[in-house]
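> What follows is a predicted structure for the sequence shown.
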Amino acid sequence: MILDICDVSFTYNSHPVLKDVCFQLKPGELLAILGPNGVGKTTLLKCIDAILSPSKGSVLVQGTDVLKLQSNEIAKTIGYVAQQSESSRMTVFDAVLMGRKPYIRWNAGEKDLQIVDAALKRLNMEHMALRYIDQMSGGELQKVAIARAMVQEPKILLLDEPTSSLDLKNQVEILSMIRHVVTEHGMAAVMTMHDLNTALRFANAYLFLKDGKVYDVGGVEHISSEMIETVYGLPVEIHSIHGHPTVVPLAC
């Protein structure tokens with residue numbers, strides 16, 4: 001296993017947010033964390049990246065407990081993309097280059113520059129390398145943040161609502177690219193999502209949270225209309241459209 005989450009719990013102001021969360025990921029897996037608002041999806045991502053300190057549990061990446069590493073070593077192991085990225089007066093190239101910080105001692109070398117250039121090309125962003133990020137849209141900033149995480153060359157990629165600011169074309173482009181990178185480089189990725197149908201189309205593993213606990217985790221064969229109704233409190237049907245399972249709400 002490349003990622004092993006064992007009994008992770010988190011409490012905020014004496015209120016339990018996550019309770020004994022456990023799951024594993026193999027290289028090449030793209031896991032979507034699903035569940036209603038406020039169930040702890042983003043909190044779980046931050047616990048995995050040690051942005052938040054779990055009250056108990058372990059986060060193992062290839063057998064090493066990330067929660068015991070220094071921040072510089074965590075950044076070489078896990079790339080984290082938040083929902084919103086701050087903008088400042090720097091170019092896209094320099095913003096992405098910041099992802100190489102864990103590897104740079106004095107100045108960026110030729111290898112660092114080549115890695116940034118390759119990431120921008122992979123995301124079709126090479127034409128905007130010299131644009132200032134404080135002049136970019138929310139969707140463009142999201143792509144910059146993803147590129148910055150990718151150049152960290154992590155083993156695990158964490159993405160908090162990676163398509164929340166993107167139009168339909170860019171959603172498909174970004175998620176297709178993430179799936180390709182995960183498969184090509186033997187990584188694993190964990191992303192929180194609200195859109196069930198997008199998750200069903202692009203992820204290959206699913207974790208449903210309910211009341212801070214894992215309700216179910218596994219492949220698409222685990223997903224049923226009964227489970228979705230239990231987790232979300234809404235009756236649905238699941239139909240196959242062009243070979244993709246599609247969730248259709250029965251109430252509005």
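In hand now; what should we look at? Residues are numbered from 1 along each chain as shown.
> Tell me which stretches of the stretch 51-200 of the chain form strands.
Along the stretch 51-200 of the chain, counting by DSSP state E, counting those that start in this stretch, strands occupy 56-61, 64-65, 78-81, 156-160, 188-192.
> List the buried residues in the helix or strand where residue 231 lies.
Using DSSP states H and E, residue 231 sits in helix 225-232. Across helix 225-232, burial judged by 16 or more other CB atoms under 10 Å covers 227, 228, 231, 232. Yep, even glycine has a C-beta here, placed from its N, CA and C like the rest.
> Likewise for stretch 2-10?
2, 3, 4, 5, 8, 9, 10.
> just so I have it, where are all the helices in the stretch 151-252 of the chain?
168-185, 196-202, 225-232 (DSSP state H, counting those that start in this stretch).
> quick check, distance from stretch 165-173 to the centre of its chain.
15 Å (CA atoms, centre = their mean, to the nearest Å).
> Please spell out which residues along it are buried.
Quick answer for stretch 165-173 (16+ other CB under 10 Å): 165, 166, 170, 171, 173.
> Could I get those in TSV, plus columns for distance to residue 218?
As requested, the buried residues of stretch 165-173 are arranged in TSV below (distance: CB to CB, whole Å):
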residue	distance to residue 218
165	29
166	27
170	29
171	24
173	28
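> Now for these: which two are most distant?
With CB to CB as the measure, no two of these lie farther apart than 165 and 173, at 13.4 Å.
> what sits in contact with each of the two?
Common neighbours of residue 165 and residue 173 (criterion: CB atoms under 8 Å, 6 or more residues apart in numbering): none identified.
> For residue 20, which non-adjacent residue is spatially closest?
residue 7 (5.0 Å; CB to CB, 6 or more residues apart in numbering).
> Quick check: that neighbour vs residue 214, distance?
Residue 7 sits 11 Å away from residue 214, going by CB to CB, to the nearest Å.
> Cool, thanks, signing off.
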